[in-house]
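Asker: Okay, predicted coordinates and the sequence, questions at the end:
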Amino acid sequence: MNEILNGIRVIKMYAWEGAFAQLISELRAREIAKVKQVAIWQALVMGTFWASGKLVILFAVLCFIFTGNELTAERVFVAAALYNACRLPITLFLPFAIQFIFEGKVSLNRVQKFLELEDFSSNVEAIENGNTNGASKEPNKTTADYTDDGPIVELRNFSAKWDGSAEDGDVEQGATIQNLNLTARPGQLIAIIGPVGSGKSTLLASILGETRKVAGKLIRRGTVAYAAQEAWIFSASIRQNILFGLPHDSNTYNKTVHVCALRKDFERSADGDQALVGDRGVALSGGQKARVNLARAVYRDADIYLLDDPLSAVDAAVGRYLFDKCITDHLRKKITILVTHQLQYLQRADRILLMKGGKVVAEGTYPELMALGHTFTDILNETEQSYSRQLSTDSAGRSGSPKKILHEMEREANSDDDSEEDRLLSTANDSQLERSGASSAAILSQSLSESAWSLAMGKGETVITPEEEDRLGGSVSWSVYGHYLAAMANPLCCVFWLFGYFILVQAVYNFSDWWLNLWTDAAERERYLKKNVSAASNETLKDQEPIFKNVSLDDYMWVYIWMVLALMV
Ligand SMILES: Nc1ncnc2c1ncn2[C@@H]1O[C@H](COP(=O)(O)OP(=O)(O)OP(=O)(O)O)[C@@H](O)[C@H]1O
């Protein structure tokens, strides 16, 4: 529902209503055509089912007569009873079975397609406990490469792409990241920066084994936790979103909540971390989603952390808290590879990779990069500008001037690093406004959405937990049927035709049985007359006068045929 509302908001914002209405009308017309087709086929199956009893008897009786046999009531009704017994399996179950077989086949094909997807993880030489997976097959591999037992991420002249097949040496043909070299060991914080689309996320995806290797080597040892750029949550409590299937360990959990600046939110909430989020729960702001997303990765206590721009969705004060408490303190012994657009944190990274067009254009510590002068500031400028263009509101609240960016970095370096969660979060709005002095509207809206959630949690008004959710019980009310009928083209006319049609079909159905009875009586009477035996000598016929005296056997047959055909229609 959230997605739908967000979509509507975007369409309205860009005034795309007309174009989208046309698009949806076309799609709807195509959908209705398909639904109509399915309805016709289903009507045919059901029509055949109801008329089949009569159709089979008609066919059998005709075959019986035209092969020179004589019709008797005994034969006709025994045959009818037998056909009725196998009518259900043949005319209803069999078509449904065929339908289900095809539906099952479609589902199986989808599963098959998924299972047959290429496994890219073989691109990564994941080394567990000193054993190498795939590394031994590498001719250039030296055992010295793997003697160290600690976690490591190492890229050597590594190139990768997202799609298409590629052989080694295919580097120039559209590899998304090209010729990357990187070694990261525990305790190192590697910052990756670069303009939008320069391949930062692709690099992280490659370390995860999600891309296709084109050339080079990627070695990874240790468990991996990944916080995706697009923060996501699923419909469950916040706690379940953070644990993500792992058992609850209160120490680790509390620490995670603290370093990810979620404690304050939980304290203000009536339901704490049990508040339901997702489709059926409370809607989280982008900042809260980002923190839950980060907490999910942090809780896993992995050796390698791949964090894709976790600080951009939160305001500056919270971002700084996350960087201090979580990334540089809590994860200080881990390998942390941080993609970021928050350039003020660069000087605290052990190594910085500047990417552009899928390549690393500069690499080193902060002082080393500063020494590059214009090259460094030019890329910072480009990064900032491309990022500002991408965002409709600049949540970081900085201008595009490289001078300002560097100035901001200086400020971060000189500011007090011992800020606590309470102070940071309670003064988030003020500090943000004071520091940036720009994009105040953007900051305000971000802060408002952040505090709206906290407020809602605090009052316990909009927090929906599974117990509180309302469910209507009982049967569907008459007014619903009323609305349904009213939605028809012409309700009165439709109802009249519908009921009239039901009555007519039932009348024809019963009349056909009665007519068959008359037909067999007439056939028997004629048989007796042909043999010059008085009809009166027959016990069944002696008291009966035929209802239709001048109707021949052929007439009986044709009336019956027309009735069965009418039933089919
Ligand atoms: N899942 C994917 N499948 C196919 N192509 C992708 C995928 N993700 C990214 N790309 C492509 O890879 C190129 C690099 O994108 P990437 O997301 O790595 O850049 P980025 O530097 O992380 O950008 P940003 O700063 O916006 O996060 C782009 O051309 C993009 O279209």
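Answerer: Okay, I see it.
Asker: Which strands or helices does whatever helix or strand Val495 lives in pack on?
Answerer: According to DSSP states H and E, Val495 maps onto helix 491-530. Contact here means 3 or more Cβ pairs under 8 Å, 6 or more residues apart in numbering; DSSP states H and E; on that basis helix 491-530 packs against helix 17-66, helix 73-88, helix 478-486, helix 553-568. To be clear about C-beta, it is placed using only N, CA and C from the backbone, and glycine gets the same treatment.
Asker: Worst mean pLDDT among the ones you listed?
Answerer: Ranked by mean pLDDT, these end with helix 73-88 in last place, scoring a mean of 78.
Asker: got the buried residues for the helix holding Val495?
Answerer: Val508, Tyr509, Ser512, Leu516, Leu518, Trp519, Thr520, Asp521, Ala522, Ala523, Glu524, Arg525 (16 or more other Cβ atoms under 10 Å).
Asker: Around the ligand, pick out the residues from this protein.
Answerer: Trp162, Thr176, Gly194, Val196, Gly197, Ser198, Gly199, Lys200, Ser201, Thr202, Gln229 (Cβ under 6 Å from any ligand atom).
Asker: what's the farthest-apart pair in these?
Answerer: Spanning the widest gap among those are Trp162 and Gly194, at 17.1 Å by Cβ to Cβ.
Asker: who's more crowded, the two?
Answerer: Shown here are Trp162 and Gly194; by other Cβ atoms under 10 Å, Gly194 has more neighbours (27 against 15).
Asker: The more buried one contacts Glu384, correct?
Answerer: No. If you go by Cβ atoms under 8 Å, Gly194 and Glu384 don't touch, sitting 11.1 Å apart.
Asker: just to revisit the earlier point, any chance of the helices and strands packed on helix 491-530 in JSON lines, with distance to Lys334 too?
Answerer: Output for the helices and strands packed on helix 491-530, formatted as JSON lines (distance: least, Cβ to Cβ, whole Å):
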{"stretch": "helix 17-66", "distance to Lys334": "46"}
{"stretch": "helix 73-88", "distance to Lys334": "66"}
{"stretch": "helix 478-486", "distance to Lys334": "57"}
{"stretch": "helix 553-568", "distance to Lys334": "74"}
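Asker: what's the most buried one of the ones you listed?
Answerer: helix 553-568 (a mean of 15; mean count of other Cβ atoms under 10 Å).
Asker: Please name every helix or strand in contact with that one.
Answerer: By 3+ Cβ pairs under 8 Å, 6+ apart, helix 553-568 packs against helix 17-66, helix 491-530.
Asker: Tell me which of those helices approaches Ala97 most closely.
Answerer: helix 17-66 (11.7 Å).
Asker: Leu155: what secondary structure?
Answerer: strand (DSSP: H, G, I helix; E, B strand; the rest coil).
Asker: Contact partners for it?
Answerer: Leu180, Asn181, Leu182, Thr183, Ser206, Ile207, Gly216, Lys217, Leu218, Ile219 (Cβ atoms under 8 Å, 6 or more residues apart in numbering).
Asker: Next: Pro186.
Answerer: Gly150, Pro151, Asp303, Lys333, Lys334, Ile335.
Asker: residues contacting the fifth one?
Answerer: Contacts for Lys334 were tallied using Cβ under 8 Å, 6+ apart; they are Pro151, Pro186, Gly187, Ala302, Asp303, Ile304, Tyr305.
Asker: rewinding a little: nearest to the ligand, of the contacts of Pro186?
Answerer: Ile335 (19.1 Å; Cβ to the nearest ligand atom).
Asker: beta partners of that closest one?
Answerer: Applying DSSP bridges to Ile335 gives these bridge partners: Ile304.
Asker: neighbours of it, just the number please.
Answerer: 27.
Asker: Spell out, range by range, the strands that occur in this structure.
Answerer: For the chain, applying DSSP state E gives strands covering 124-128, 131-132, 152-161, 177-184, 189-193, 212-221, 224-227, 236-237, 276-277, 304-308, 335-339, 351-356, 359-364.
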